[in-house]
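Novice: build me a model:
(3 chains)
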Amino acid sequence: MSVILMSMLIGLGVALFGFTLQTTIGGINRKVVGRMQKRYGPKWYQEFLDIFKALSKRAISHGWIYDFGVIMAVGGITATAMFMPITDSLVAFAGYDNFFIFVYLLAVGMLGMAMSASGSGNPLASIGVMRALTQMLAYEVPFMVVVITIIKVSGTSSLTGIMEFQQANGWFALSLPIGFGVAFLSLLGMLGKKPFETYIAPSEIASGPMVEYGGKQLGLLFVMHEIATFIEVSLFVHLFLGGASNIIEFLAKYFIVYTVANLISNLNGRFKIDQVVVFFYKWPLALAVLQAIWVLWR
Amino acid sequence: MNPVLLIAIPLLFAFLSIMNKKFARPLLLVALLLDVYLVFTISKGLYSIGGFSQYGINLLVDQYSLIGLMVVNVVFFLTVVTNCKEVKRLSTVLLVALAGVNGLLLTNDLFNLFVFLEIVGISAYLITSGNKRPLATFNYLVQGTVGSGLYLLGLILLYSMTGTLNMALILPTIVDKAIPLSNLALPFMLMFIGLGVEAKLLPFNSWVKGVLQNANALTSVLIAGVFATTIALTFGRLLSTVFVLGSISNIVLVILAVTMLAGEVAAFASKRIREVLLFSAIAQSGLIILLFANGLVIPAIMLIIANIVSKYILFTITGKMVDGTKTDEIESLQGVFSKNKLVGFAFTVASLSVIGLPLFFGFIVKLNILTSLFSQYQLFLSALILVVSLIEGTYFVKLLIKLWYSVGEVKTFKVDALVKVVTLIFALGLIVFGVYTKPLTDSLMTVPEEMMEAIAERGNF
Amino acid sequence: MFSIELVVLSTLLAGVLAYIVSIKLPKLGSYLTILASLAVFSVLAYFGFNNNLDAEVNLIPQFVLFKTSMFGLYFAIIVSFIFFMVSFFNPYFIKDYKYPAAYNLFYLMALAGTIGVFFASNFITLFIFFEIVVWTSMFLIPLGKKRKPTVTYFVFSTVGSFAMLYAVMFTFSITGSFDLAAISVLSGKSALLVYILLAVAGFAKLGAYPFYVWLPKVLGKSPDPVSAVFSGGIEKLGAFIAFMAILRISPASIYLEAVGMYLQNYVIAIFGAITIVVGTLQAIRQDDAKKLLAYSSASNGGYILVAIAMSSSISLTGAMYHILAHALASTAAFLAIAVVHYRTKTTKISELGGMIHHMPLTYMVYLMAIISMAGIPPMGGFISKWLIFQAVINKQMIIVAVATFFGSIGSFLYVFRPLAALFLGQKLPKYKGVKEAPFLMMIPLIILTLGSFYIGVIPNQVIDFSNKVIAEFGFGPLLMNEFGIQGANGTLSAPIIASVFGLGVVVIAIIFFILPKSRKVGLMDTYTSGEFIYTEELLHYSADFYAPFERLYPAKPLISKVYAMIKEKVNELGRFFKYWFFTNKPEVTVLWIVLILTLLVWGDIL
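Specialist: Coordinates of the predicted model:
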């Protein structure tokens, strides 16, 4: 029992670490992008300030489901993060860091947020949720096909197991280059980076699901967003870039992946939502399937 | 008691009824009662008329004809009882018909069979003339006459080859004289077509539509129930003990299979309740003859019994319904059963039995048919039967749902208590036999052997 | 000891009793259905778990034979439980039916029939009870909104049962036995034929592609309790048949090295995959909540088929688990929608909104149900989907994997629609004063939800049971340790996931409540980009929810056109025969006679 309690504490630590890490890197990235656009950019801790300010404000609530959804969303995402390994030895629940847990526990958080947003009664929020779900349907399938190739090749669905496999046999980014490319596109979709930021689309649907939020609800959803980003980027690092054997390595890889994604985002326009679906179901899916067939059925 | 009474009494009463019209109906009822009584008391055996055992006319009472006599006479009786009003003018005709029906079931002589066929035919034309559709009756008359003419022609050819008209002697003679099968093809085909007209087989049955789609309860039950059963049984006996199909068996099988299919799809495409039922009846008789042609006597008899009971219920209720509501468009009959639940129950049970759903007699029959067909490894035929019964089920379910559930106004009709009671009893019978069939299957067990024994014994003359 | 025969017979008798009672007192009759189904469920569960069911047959005549098996018991317990749960809704709906007495009768007869199917020892028994279920449940359908689905249901069910009958008879003609084990003896082409036919039977009943067309029609238009019973209970007969067909028959065929299975199993899996995709796509665009759930039932049936086709310990456990999880979740979802229907008289998503404010409990039930249906922890559906994914990956079936993932993500889309537009969103004024579900309806809702949750957190008992079931088919047990299920490439610990999730929610809830309290505002008090909108309907986004996505694929499933065409062809054929053979002209008949005779003579001469 005490083992589990210990694991849970470590897990909470991981979630907190993930939040801090992503918020910091997010802040740094704002600066990077600012420099790119010949601006000065905000301070690296600007994101922390925003979140804590929001948390401390008194705001409005649209009823119990509006609040409950936020709790469920942030709670679900926190729970997901608790399973995430940081390096091959630093993992809260050793042996249970199953890939599918991340996919499905992440969904609880998403569902909570979607529920809360729809509960606000604002149609723009519902439109945002609709787009978010549709986009999920688009990027998730090619990504999963790539991941099952990885799982089958490495013989395990545990993230630490996959890391160890890569450390012994080389990164999947190199041995499955097509899958790597597809997964990176999917990552852009997951992170809601352009050209796949259709579900937020600030100028179009007033940032979609988030339209109604303010105060602590908004602050918590920011937290959720940071942790979700942490989970998604870490998944990518662990699955394709060989994971990490120490924390420095992890930080370095994490920073590179997120920054590259962010930079690409800033060079693109926005897809319409049906274009997103068509986009992902055309080449990425076909390539992912072809690669899987090539690798597995040979 | 001598089975000839079964034929003689109605004939005698028919003459008497001509003398005094007033007593016609009571006479009919008395004759029917006597016949029903006789049927349950006669004993099995071969009865020769006038003592010429081999050359004269024989009446054969075996398990097969006994079952047929019981079913037909009982249903005939009940039909007359439940349709007293319509019977009035037809009493004499019905007496003659009764004699003919019993004769067909009893006779063991091919020419005698022709005579009874004509008697039944003529009374059938007269009965259908009550529909006030003279053209349809005329069609029936023409086709029936052509049919019996062809039968007679075939009979003559057969007689010239074998020299006998005794049904039990034909097969042994053919074997004795080693008559080539190709010579026999024509007479048998002619006889097959001749009977096929009466048995509603496909290309020869265009009369059915005209006659039955305008028939009232009495006519339709008599034509589709009593006469159809009699003809089917007669046909069955010929197919099992007389005919050597040989080279024509393919044509015969195709005709029968197409009859079945055509009946069901035509019923599927029909929008009037009587039309649906009459096409369904055509398909059923196709199936019955098909079973006989494949030598499956027991399933065929079971199907005949199931058929006459359910046809009685369906046609009686439909007849009363059409009388009461003055329409037979299914669309305008919607929801009629919601006001006549008991009648609706009987109708539903009958149709579920026809479809062949479990807990009803039809299911046992269907199971029996398929088991027998599969034991002959008839894969295609059984597939066809399943396909057509799917079609059949579809239109019956459609019909039932429409008759129970209404959209808009519901028409009403009145049914007298007697009809209710009789149809209900029949419906319950279908359920009882659907759950517990042992007595029936036991009594059917010996039928094929007895039929064959008759030939074998007589072959030693 | 308790005999199965007695269960079946007494259920039938209870049906008759309920019928007689309901002629005068329909409501009392419907309470009888609750009692009877409770009795059936508890007897089966109690005596079944203690291995104390007696299979002997003394009263039912003829060829009806029963046997006890864990396989049958598993199904029987689930289905009788679903019947029991749904029966709580009967008293509230009974007054809307045209023939309430018949409803009570057929409800219990259908229950008796399903029990008979699951304990059948030979194929004839199986077929008899199968058909009893078909026709009794068929008459439950027209009591709802429409009559037509009845015929659709009959046709598709009968295609299935006739396929089965043909298979049974064919087996009989070869092996001379009706015993269930006889099909294992078959070999070669005959085995393949029986395999295909039984698969068709399973497909038709389960509502798998290409037979799924009946599901939305029937489940969408039946009375609400009937839809729930179909989705949770009767449909599972198909899975039962599919299990037997796929696992018991081994026709010789090509072994596919790449996916480690025989060709015929792969074909079944592909059909399952198509079912998943088509069901999902159609569910996404439905406006009627019941139809939406019906398509979701179809797509879940696809998962079951895929799992059975893979035939490994993991996949079969996945299939068994999915049958249970889906039964609980989809029944709960259907019943939740039934409550909404009962209170508002509509199930159209676009006509409803803000129901959560009127019926929070129903909302929570629906929410938990869809969490399970979408395969999200900590509900039962997660475990079954996890098991199925494990097996799919293990067999490296890439094409099927694409479909299963698509269905899994797609299910988020469709289950969310009623959630967003029916329960959430603006509180529409026309439903002012709508109340929560009545007490009796709440009982099954709560029990089903708790059950769904329980099997999602503690899977051990169910897996123990299903291990016994798959042992009957000759598969080794799925390994379990203290916390988790051992899959092909990893372990899953449902209790840990659930407790971590619980911890996460608790921590965040504490933070949430420490932070400053929010001011409550109405739903109309929202950001509208400066527009002034005063009508709730205008601020409620519910019609054509996924319009951009729906544009990408055709609205009507193509296969339904094929069925319409077949129907038209049969009609045409009928008219053809009527025209050529049933004329009023005797000369046509004479012509046919002459033609046939000519043919004969000609044939003779040749």
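Novice: and the gap between residue A:22 and chain C?
Specialist: As defined by CB to the nearest CB, to the nearest Å, residue A:22 lies at a distance of 17 Å from chain C. All C-beta spots, glycine's among them, are computed from the backbone N, C-alpha and C.
Novice: next one, pLDDT for residue B:353 please.
Specialist: Note on residue B:353: pLDDT of 91.
Novice: what about it, how many residues nearby?
Specialist: When counting by other CB atoms under 10 Å in any protein chain shown, one arrives at 30 neighbours for residue B:353.
Novice: so which residues on the stretch 1-150 of chain C come close to chain B?
Specialist: Residues of the stretch 1-150 of chain C lying near chain B by CB under 8 Å from any CB of the partner chain: C:61-62, C:98-99, C:124, C:127-129, C:131-132, C:134-135, C:138, C:142, C:147, C:150.
Novice: same check, this time on chain A
Specialist: Within chain A, not a single residue sits near chain B (CB under 8 Å from any CB).
Novice: in chain A, where is pLDDT below threshold?
Specialist: Along chain A, the parts satisfying pLDDT under 70 run over A:1, A:201-207.
Novice: cool, and chain B?
Specialist: Using pLDDT under 70, chain B drops low at B:1, B:50-56, B:246-247, B:454-461.
Novice: just give the closest residue to residue 291, not the sequence neighbours.
Specialist: I went with chain A, as the question did not name one. In this structure, residue A:291 finds its nearest non-sequential neighbour in residue A:178, 4.5 Å apart by CB to CB, 6 or more residues apart in numbering or on different chains.
Novice: hmm, I had chain C in mind actually
Specialist: In space, residue C:291 is closest to residue C:220, 3.8 Å off (CB to CB, 6+ apart).
Novice: ranges for the strands of the stretch 51-200 of chain B?
Specialist: For the stretch 51-200 of chain B, the strands defined by DSSP state E, counting those that start in this stretch occupy B:58-61.
Novice: up against chain C, what does it have?
Specialist: Counting by CB under 8 Å from any CB, the stretch 51-200 of chain B comes close to chain C at B:135-136, B:139, B:142-143, B:146, B:150, B:182, B:185-186, B:189-190, B:193, B:197.
Novice: hang on, the earlier thing: now do the contacts for the residue nearest to residue A:291.
Specialist: Listed by CB atoms under 8 Å, 6 or more residues apart in numbering or on different chains, the contact set of residue A:178 reads A:287, A:288, A:290, A:291.
Novice: which pair of those residues spans the longest distance?
Specialist: Farthest apart among the contacts of residue A:178 by CB to CB are A:288 and A:290. That separation is 7.3 Å.
Novice: out of the two, which sits in the busier spot?
Specialist: With neighbours defined as other CB under 10 Å, residue A:288 and residue A:290 compare such that residue A:288 has more, 30 against 13.
Novice: and the more buried one, what helix or strand is that in?
Specialist: Under the criterion of DSSP states H and E, residue A:288 resides in helix A:273-296.
Novice: now do that helix: distance to the chain's middle.
Specialist: 20 Å (CA atoms, centre = their mean, to the nearest Å).
Novice: now do stretch B:290-301
Specialist: Stretch B:290-301 sits 14 Å away from the centroid of its parent chain (CA atoms, centre = their mean).
Novice: go on, stretch B:259-273?
Specialist: Its chain's average C-alpha position is 19 Å from that of stretch B:259-273, according to CA atoms, centre = their mean.
Novice: hmm, it touching chain C?
Specialist: Yes. Under the criterion of CB under 8 Å from any CB, chain C is reached by stretch B:259-273 at B:262, B:265, B:266, B:267, B:268, B:269, B:270.
Novice: so the last one sits against residue B:276, correct?
Specialist: Yes. In this structure, residue B:270 sits in contact with residue B:276. The criterion is CB atoms under 8 Å, and the distance is 4.8 Å.
Novice: next one: residue B:26 from residue B:13, what distance?
Specialist: Look at residue B:26 and residue B:13: by CB to CB, to the nearest Å, they are 10 Å apart.
Novice: and the two? Which one has more around it.
Specialist: The residue with more neighbours, out of residue B:26 and residue B:13, is residue B:13; 26 against 12, by other CB under 10 Å.
Novice: can I assume residue A:146 sits in a strand?
Specialist: No. Under DSSP: H, G, I helix; E, B strand; the rest coil, residue A:146 falls outside any strand and is assigned helix.
Novice: count the residues that sit near it.
Specialist: Per other CB under 10 Å, the neighbour tally for residue A:146 reads 29.
Novice: my guess is it meets residue A:181, correct?
Specialist: No. Counting by CB under 8 Å, residue A:146 does not reach residue A:181; the two are 9.3 Å apart.
Novice: regarding residue 31, which helix or strand does it belong to?
Specialist: I went with chain A, as the question did not name one. helix A:2-36.
Novice: let's do chain C instead
Specialist: Take DSSP H and E as the rule and residue C:31 turns out to sit in helix C:26-49.
Novice: that helix: which residues count as buried?
Specialist: By 16 or more other CB atoms under 10 Å in any protein chain shown, the buried positions in helix C:26-49 come out as C:26, C:29-34, C:36-41, C:43-45, C:47-48.
Novice: which residue ranges form the strands in the chain?
Specialist: All of this is about chain A. Along chain A, the stretches classed as strands by DSSP state E are A:60-61.
Novice: switch to chain C, please.
Specialist: Secondary structure of chain C (DSSP E): strands at C:2-3, C:53-54, C:255-256, C:261-262, C:485-486, C:491-492, C:519-520.
Novice: possible to save those strands as JSON lines with mean pLDDT and distance to residue A:236?
Specialist: Shown next, in JSON lines, are the strands of chain C (pLDDT from 0 to 100; distance: least, CB to CB, whole Å):
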{"stretch": "strand C:2-3", "mean pLDDT": "80", "distance to residue A:236": "58"}
{"stretch": "strand C:53-54", "mean pLDDT": "76", "distance to residue A:236": "54"}
{"stretch": "strand C:255-256", "mean pLDDT": "78", "distance to residue A:236": "33"}
{"stretch": "strand C:261-262", "mean pLDDT": "82", "distance to residue A:236": "32"}
{"stretch": "strand C:485-486", "mean pLDDT": "76", "distance to residue A:236": "27"}
{"stretch": "strand C:491-492", "mean pLDDT": "76", "distance to residue A:236": "23"}
{"stretch": "strand C:519-520", "mean pLDDT": "81", "distance to residue A:236": "41"}
